[in-house]
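**Student:** only geometry, no sequence info:
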Ligand SMILES: Nc1ncnc2c1ncn2[C@@H]1O[C@H](COP(=O)(O)OP(=O)(O)OP(=O)(O)O)[C@@H](O)[C@H]1O
């Protein structure tokens, strides 16, 4: 590695540190990714997903892996260098991108992604941080989670960045498809217009809820993603919250852009266009007519400021014991010790049945109720089915004087909630018995 002179650190990812460096032989600037894992045998590296995928790719919109160096049981990837990533560009941006700029970025990303899919891989972790930019050129990077299409389901669960995660992955489907990448593209496309993530979920459940609030309920005739999931969504209520109009959320997008985002963000993966179909969409072939000009670029910002997703906590890491459920849910809402303390203190005087709601700002009149139910509360008792049930409801309740904190309000469980839920997330063992 003496051939490369490290100039500065560029990033510290989950797999490795990335540095800007100079190739002393050619004077070229490169990016060096030093993997955190140690490698004793040279052969180990050939099995790495990133190496397997990148060795097969050769496309102007996919980052080039120039060389792999193994030294003292450490592995270094030498990449072509890019100036910044799309997350940094969005964060620093003071006014929205023009539709022309967005089209230019998205066209390249889709061309790169089409190549990835044609080469038999899907990326699985598309997000603005993994799209690298130099001037007007954008390239897909970080193939650490890439998977071969030829590998057979069931696929293992994986942790990609929550905000760009497709519903079928959130529901732990075991046979998801490259359509998971198309969902991420839809979320990134929306974000390029608004400069803020469209679904900034604070936990996996909140992620699904935020998707639901904007897209509404999936059409039961087309909704097939429940079939192989270890989690399941049940839409069992009477009250239906209509989908929000994407053109209200993204007022600076043309009708063509809205249509493409709508298609990409389909609940049903089979309804999302693939990369080539997306490139054929009128969004890439029309003169743009933007319906609303924006006097203040920040008027279009959604309530959540651009930040990184917080700590990931999985609900299935917590057991069926009510205290365990309560702790799990509390952490899943907001992993803050001080909030947790308040919740626990408040819960002491309120008996076993609790619910609390998140601070979803856009729907302050429609709080999220997360109820904790044991099976016998449903009139069903089956020890084998003891597990955790969650429901989101839009029932209005008056606070009754229990402590309020930023991010939480507390109310005792009221019977009418049991009769008017509209969305339930259940564990595999509880099917058919939730609410
Ligand atoms: N070729 C490159 N040129 C310039 N910067 C790069 C390059 N590759 C990576 N980076 C920077 O380093 C960051 C981390 O890189 P990368 O995503 O490959 O690492 P990782 O360990 O796989 O991260 P993650 O935690 O997202 O999986 C990127 O977001 C980017 O800002």
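**Tutor:** That came in fine, so what should we check first? If you're wondering where the values come from, they're calculated on a predicted model, not measured in any experiment.

**Student:** mind listing what the closest residue to residue 265 other than its chain neighbours touches?
**Tutor:** Using CB to CB, 6 or more residues apart in numbering and skipping the chain neighbours, the partner closest in space to residue 265 is residue 186 (4.1 Å). Backbone N, C-alpha and C define where each C-beta goes, glycine included. Residue 186 sits next to 260, 261, 263, 264, 265, 272 when contact means CB atoms under 8 Å, 6 or more residues apart in numbering.

**Student:** Residue of this protein nearest the ligand, please.
**Tutor:** Taking CB to the nearest ligand atom as the measure, the chain has residue 13 as its residue closest to the ligand, at 2.0 Å.

**Student:** what's around the residue lying closest to that residue once chain neighbours are set aside, how many residues?
**Tutor:** Distances taken as CB to CB, 6+ apart place residue 142 nearest to residue 13, at 7.2 Å, with adjacent residues excluded. Taking other CB atoms under 10 Å as the criterion, the count of residues near residue 142 is 23.

**Student:** so residue 142 is in which element?
**Tutor:** When elements are assigned from DSSP states H and E, residue 142 belongs to no helix and no strand.

**Student:** Can you give me every residue that contacts it?
**Tutor:** Contact criterion CB under 8 Å, 6+ apart gives 13, 50, 125, 129, 130 as the residues in contact with residue 142.

**Student:** Filter the residues you listed down to the buried ones.
**Tutor:** Among the contacts of residue 142, those scoring as buried are 50, 125, 129, 130 (criterion: 16 or more other CB atoms under 10 Å).

**Student:** Pull up the residues of the protein that are close to the ligand.
**Tutor:** Residues of the chain lying close to the ligand (CB under 6 Å from any ligand atom) are 10-11, 13-16, 18, 31, 33, 63, 79-82, 85, 129-130, 132, 141-142, 144.

**Student:** could you redo the last one with a cut-off of 8 Å?
**Tutor:** In this structure, the chain approaches the ligand at residues 10-18, 20, 30-31, 33, 36, 50, 63, 79-85, 87-88, 125, 127, 129-130, 132, 139, 141-142, 144-145, 161, judged by CB under 8 Å from any ligand atom.

**Student:** Am I right that residue 133 is in a strand?
**Tutor:** Yes - membership of residue 133 in a strand is supported by DSSP: H, G, I helix; E, B strand; the rest coil.

**Student:** still on that earlier bit, what is the most widely separated pair among the buried ones among the contacts of residue 142?
**Tutor:** Distance extremes for the buried ones among the contacts of residue 142: the farthest pair is 50 and 129 at 15.3 Å, using CB to CB.

**Student:** got TSV for the buried ones among the contacts of residue 142, with secondary structure too?
**Tutor:** Formatted as TSV, the buried ones among the contacts of residue 142 follow (three-state DSSP):
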residue	secondary structure
50	helix
125	coil
129	helix
130	helix
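
**Student:** quick one on the thing from earlier: any idea which element the residue nearest to residue 265 lies in?
**Tutor:** Under DSSP H and E, the secondary-structure element containing residue 186 is helix 179-194.
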